[in-house]
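J.: Need coordinates for the below:
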Amino acid sequence: MSPGQRSDATISVRNSYSRWFDLWLKAEDQTSGEPNLLEVLRLTVTYKGKEIYSGPVAGFAEESIYLGRVHPGESWELVATVELPGAEIDKTFQGVTGSVKWVFTAQAARPPDEEPPEEPPEEPPADEPPEEEPPVEPPEEEPPEEIELPPEEDVPLTPPSDEEPVMPKTGEEPPYPYYLLGGLAILAGVSLAGSRKRR
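T.: Coordinates of the predicted model:
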């Protein structure tokens with residue numbers, strides 16, 4: 001390419017599938033050594049009839065850029081125009097080449113009815129006996145709480161010593177006349193016994 005010369009390239013993007021896909025673009029610089037020709041080459045990129053970049057080739061799509069969603073049956077064109085400006089080129093760029101790699105990435109969505117196949121469950125070995133469940137121990141019962149009873153009071157079985165026993169009354173009259181009559185009867189008996197001995 002000579003100073004002041006330009007070159008155009010057209011890339012067609014077509015979706016021939018039954019599902020839409022999203023499209024990304026990334027540019028990878030393949031140039032080694034100095035001077036870097038990609039820093040002086042001018043690039044203009046047009047996609048879907050709209051200019052999306054204008055500047056040096058070295059600064060385009062260093063990170064992936066999103067170009068949009070392409071639906072089934074759609075077709076778009078990406079046009080790249082490269083120009084080598086004559087005023088900025090001197091003899092230092094004579095015989096120098098540059099290379100850049102454009103990487104397009106398309107990602108389609110999985111349809112809702114498409115699911116990954118399920119793996120069949122593994123069958124247990126036939127020679128192994130089934131695992132026995134360990135016996136379940138009943139829960140430990142807590143001992144009943146002891147209820148403290150109040151101390152029993154000692155009840156005396158005998159009446160206090162300073163109290164005299166109460167005798168039952170057989171009548172309402174005082175006993176003294178009977179004591180007097182009993183004493184007189186004893187005296188009379190003694191006197192009769194004495195008179196008989198004298199005789």
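
J.: residue ranges of the strands in the protein, please?
T.: Chain-ordered strands for the chain, with DSSP state E as the definition, fall at 6-14, 21-29, 42-47, 50-56, 65-70, 75-83, 100-108.

J.: Can you say which of those strands is packed in most?
T.: Per residue and on average, the most neighbours among the strands of the chain fall to strand 42-47, with a mean of 18 (mean count of other CB atoms under 10 Å). Any C-beta I mention is one placed from the backbone N, CA and C, and that applies to glycine too.

J.: tell me the angle of that one relative to strand 65-70?
T.: Using axes from the mean of the first three to the mean of the last three CA atoms, to 10 degrees, the inter-axis angle of strand 42-47 relative to strand 65-70 is 20 degrees.

J.: Can you name the residues in contact with strand 42-47?
T.: Where contact means CB atoms under 8 Å, 6 or more residues apart in numbering, the residues beyond strand 42-47 that reach it are 51-57, 60, 67, 76-85.

J.: can we see that at 10 Å?
T.: Judged by CB atoms under 10 Å, 6 or more residues apart in numbering, the contacts made with strand 42-47 from elsewhere in the structure are 6, 8, 10-11, 13, 23, 25, 27, 51-61, 65, 67-68, 76-85, 88, 100, 102.

J.: swap in stretch 18-25?
T.: For stretch 18-25, the surrounding residues in contact (CB under 10 Å, 6+ apart) are 11, 13, 15, 45, 47, 52, 60-61, 63-74, 76, 78, 102-111.
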